[in-house]
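In: Below are the sequence and a predicted model for it; my questions follow.
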Amino acid sequence: MTASNTDDVVIQVDASVQAFLEHLGLPLVHPLNYTTDDDDQVFTSNEEHLSSVGEGVFELPPIAAASSANVVKKYHLLTDNNELLPTPFVGPMTPMELHDNSLYELALTLTKVGAPLIAMGELWLRLFAFYICPLCLLWMIYRDSKRMFCGNQKKTSTTDTKANKSKNATATKSAANDVDNSCNNKDMFISIVGMASSAVLFTDSLYVYEFGRLFGFSLWCVATVMAIRLALSLRTNASDNVMTRTKNKNSSIRMPNKNVMFQSAILVCISTTVVVYLQSKGHVGNPHSNAILHQMPHPGIDLPTIEPGLYYSKSNPLVSSIASNLKESAYTYDVQHGATPYLVSGDQRTGIPFIVNSVEDQQYMRVYVTNPSDSEHLALDIAFPFDGFNYGGKRKLIHDSANPVYLVLHGLNGGSHEEYVKDLVQRRRAEGSTVVVMIARGMMDTTMSGWNVFHGARTGDADIAARALKKGLTSLAESQSRPRRQVLVGVGYSMGAIVLSNYVARSGEHCSLDAAIAVSGGLDMRQNLNFHRSMRLWQPILTFNLRDDMLIAKYARFYKQKLTRGQFLRMLRTTSVSALDVEAIVTYNSFNDLVHYYSEMSAMGDRIAEFGLLDKYSNSSECVADEWGRIANTSIPFAVLQALDDPLVGWRTIGTDKPQELVDSGNGNIMLLLTKAGGHVGWPLGLNPAANSWKWMSDSVRDFALAVDESIRRHRFCQQLRVQGLNALYMAGL
């Protein structure tokens, strides 16, 4: 059997793997490609099994369960013979095809390319401002000291004796010329960069959260004073106080000198810094705007108001046991616990791991499960552990029923090939666990059979995958005449964490997982609607990649069919994920608006939004202010692992500033693992983060799963003792 990562190496499969696949009952070949010649390669599932798996699918939005006739009528997806149009070809379109052969529309779209470039430039400045600022200040102080020294030397030279005047005058003149020559573009450029980087340390929310206001303010004051002193020193030369003529002496055209431009740049830097500082307390939105994003209040610098740490309900015995079994290192991230000491902001802890980390490819077996709500086929990439022995240079895959099984939901535009997913797979396989990665529909070039492309509010895919695995694990245990003891733990990253959280909350007691942990997701994504820092710095880059790699490169024809020309063109020109959701996801999937989509996508989206986000308005909410909504229906141990300095999913997406009340809601099954630092899917370790990859994050997931496993086993053992004790009392006649 070959691995799904296209390796042409035959891997030996143990009987335990064969048994697991047989009881799982899912095809190893995509159902659309299945032929009768593939009987020896496919484990087919009978109708009874499929019907059982599909029971109680929790699908969103409601339009997904509506009459298909209404959907096709709205989007004109019927042929002249009243038959459903076949899905378009999946693949890229040329730029001219995207713009209906209009050079004018193409030119307008190309003007938006600058947004991600500008965002990338500002992001790089913020990434390295902590290092750039001190270096610039050292240079500025050095040059200022040299100017002062040379100036003093010049004054001293006037008091020398006649015998030494000639010699000292020559030396002084040479020194003065050196000073004049040093006041060049390099000095002015370094001064402006120093002011800009110090302004970032003074006003940026992540740096202020890390170091406080005084640190950045002190550096900004020093940088500003040094820059002003440089500008004043340039005025000592009379030729720099007037307009210089061009090389053509007969021309009357005058050009501004460098000092004027330098002074203007200093003024702009000071003004911008003051304005940004004055807006730190935020301001109200524009209620008269037609754009929902402009109606949102601006939170200002937006520093977290909750403390990091472990939050759990002490009234829930199982959760309390999990908390006591959970290692402190699973929710503590700082230098004392191995955090990379020179990465000091959420931007750095997010970006650097994705730049430097690389994990070797893993071997997967791909099976397919069908969502009965729309008959879409979903790929599950299964990574089995090796048995630890070497058979003539080959190793054998096994399935160990004593270790947890992980169901992984990857991030936006990802898959089983994502580096952080491979890191978890590699580490957990080495410990004997089986890891299953659910590939979001359409990702990794998986075949789509219908029109329902991926969106974040669809929980049915996660539900159907979890039910299939639970059914297979239960069937396998029953075939061995034992109860199922192997825990099934859901793991979600970023967008996968958002979907997983929503599924756990909505499914309630019907959840097919034994436990779940959401990493760098959000419980209330409406709170990201006014996360302007993310929209300005990170989202243009993410939007550019998502639109080009997913929407345009694969499913442009889907959107072109269902969107109007204006909607499609606006989708091509968006510069933030939220704006892309407005132009593509909301319209394509018939949500009312962006707030409706984010409400349906969020585990806490049915309650009134906190932090004054929507005032008294809350789309699709029927909860009063003190109600927790569907999140309180969580029936399994559910952990939320979040860094408070996450630059993509803001800390407010936790949904509340009362974390203890949140974990106490319902039956107390929610746990919050909040770290002060870590970034978004980051948490780098050691002096060389590449050597550890995503170890901290992957091990935190492992520690939670093992704590759940141990607590459930202990809970079952206590129940057995209780039952045996009652039976003994009954037999004794008591």
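Out: Thanks, I have the structure now. Remember, it's a predicted structure, so these values are computed and weren't measured experimentally. Numbering: from 1, shown residues only.
In: Select the longest helix from this protein.
Out: helix 114-157 (DSSP state H).
In: for that helix, packing partners?
Out: Using 3 or more C-beta pairs under 8 Å, 6 or more residues apart in numbering; DSSP states H and E, the elements in contact with helix 114-157 are helix 162-182, helix 185-203, helix 205-211, helix 213-234, helix 346-356, helix 532-537, helix 539-546. C-beta here means a position set from N, CA and C on the backbone, and glycine is covered the same way.
In: quick one, which of the ones you listed is nearest to Pro116?
Out: Of all those, helix 539-546 sits nearest to Pro116, with 4.3 Å by C-beta to C-beta.
In: Residues contacting that closest one, please?
Out: The contact list for helix 539-546, computed with C-beta atoms under 8 Å, 6 or more residues apart in numbering, reads 113, 115-116, 118-120, 123, 412-413, 574-580, 648.
In: Residue ranges in the stretch 301-450 of the chain under the pLDDT threshold?
Out: For the stretch 301-450 of the chain, applying pLDDT under 70 flags the ranges 389-394.
In: all helices in it, in order from the N-terminus.
Out: Listed in chain order, the helices of the stretch 301-450 of the chain (DSSP state H, counting those that start in this stretch) span 317-325, 346-356, 419-430.
In: Adding distance to Pro92 and mean neighbour count, write those helices out as JSON lines.
Out: Listed next are the helices of the stretch 301-450 of the chain as JSON lines, based on distance: least, C-beta to C-beta, whole Å; neighbours: other C-beta atoms under 10 Å:
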{"stretch": "helix 317-325", "distance to Pro92": "47", "mean neighbour count": "18"}
{"stretch": "helix 346-356", "distance to Pro92": "25", "mean neighbour count": "22"}
{"stretch": "helix 419-430", "distance to Pro92": "25", "mean neighbour count": "22"}
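In: What's the ChimeraX line that selects buried ones from the contacts of helix 539-546?
Out: Of those, the buried ones go into a single ChimeraX selection, burial set by 16 or more other C-beta atoms under 10 Å:
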select :115,116,119,123,412,413,574,575,576,577,578,579,580,648
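In: which one is Gly351 nearest to, not counting chain neighbours?
Out: Of all residues not flanking Gly351 in the chain, Leu127 sits nearest, at 6.0 Å (C-beta to C-beta, 6 or more residues apart in numbering).
In: doesn't Arg349 make contact with that neighbour?
Out: No - counting by C-beta atoms under 8 Å, Leu127 does not reach Arg349; the two are 10.3 Å apart.
In: Distance-wise, check Tyr364 relative to Leu28.
Out: Tyr364 sits 11 Å away from Leu28, going by C-beta to C-beta, to the nearest Å.
In: Between these two, which is the more surrounded one?
Out: Comparing Tyr364 with Leu28 by other C-beta atoms under 10 Å, the one with more neighbours is Tyr364, at 23 against 18.
In: Which pLDDT value does the model give Asn619?
Out: Asn619 is assigned 46 on the pLDDT scale.
In: Then the one 10 residues further on?
Out: Per-residue confidence (pLDDT) for Gly629: 89.
In: Likewise for Gly114?
Out: pLDDT, Gly114: 78.
In: That one: how many residues sit nearby?
Out: Other residues lying near Gly114 total 11 when counted by other C-beta under 10 Å.
In: now Thr272, what's its secondary structure?
Out: helix (DSSP: H, G, I helix; E, B strand; the rest coil).
In: per-residue pLDDT, the residue lying closest to it once chain neighbours are set aside?
Out: Once flanking residues are discounted, Thr272 sits nearest to Ala199: 7.2 Å by C-beta to C-beta, 6+ apart. Residue-level confidence at Ala199 comes out at 96, pLDDT.
In: Next: Ser711.
Out: At Ser711, pLDDT is 93.
In: right, and Pro353 touches Gly682 too?
Out: Yes - counting by C-beta under 8 Å, Gly682 is a contact partner of Pro353 at 5.1 Å.
In: Identify the contacts common to the two.
Out: Residues touching both Pro353 and Gly682 (C-beta under 8 Å, 6+ apart) are Trp694.
In: ok, the residue nearest the centre of the chain to Gly682 distance?
Out: The centroid of the chain falls nearest to Ser494 when counting by C-alpha atoms, centre = their mean (4.4 Å). Using C-beta to C-beta, Ser494 is found at 11 Å from Gly682.
In: Could you pull out the strands in the stretch 551-700 of the chain for me?
Out: In the stretch 551-700 of the chain, the segments counted as strands under DSSP state E, counting those that start in this stretch are 638-643, 670-675.
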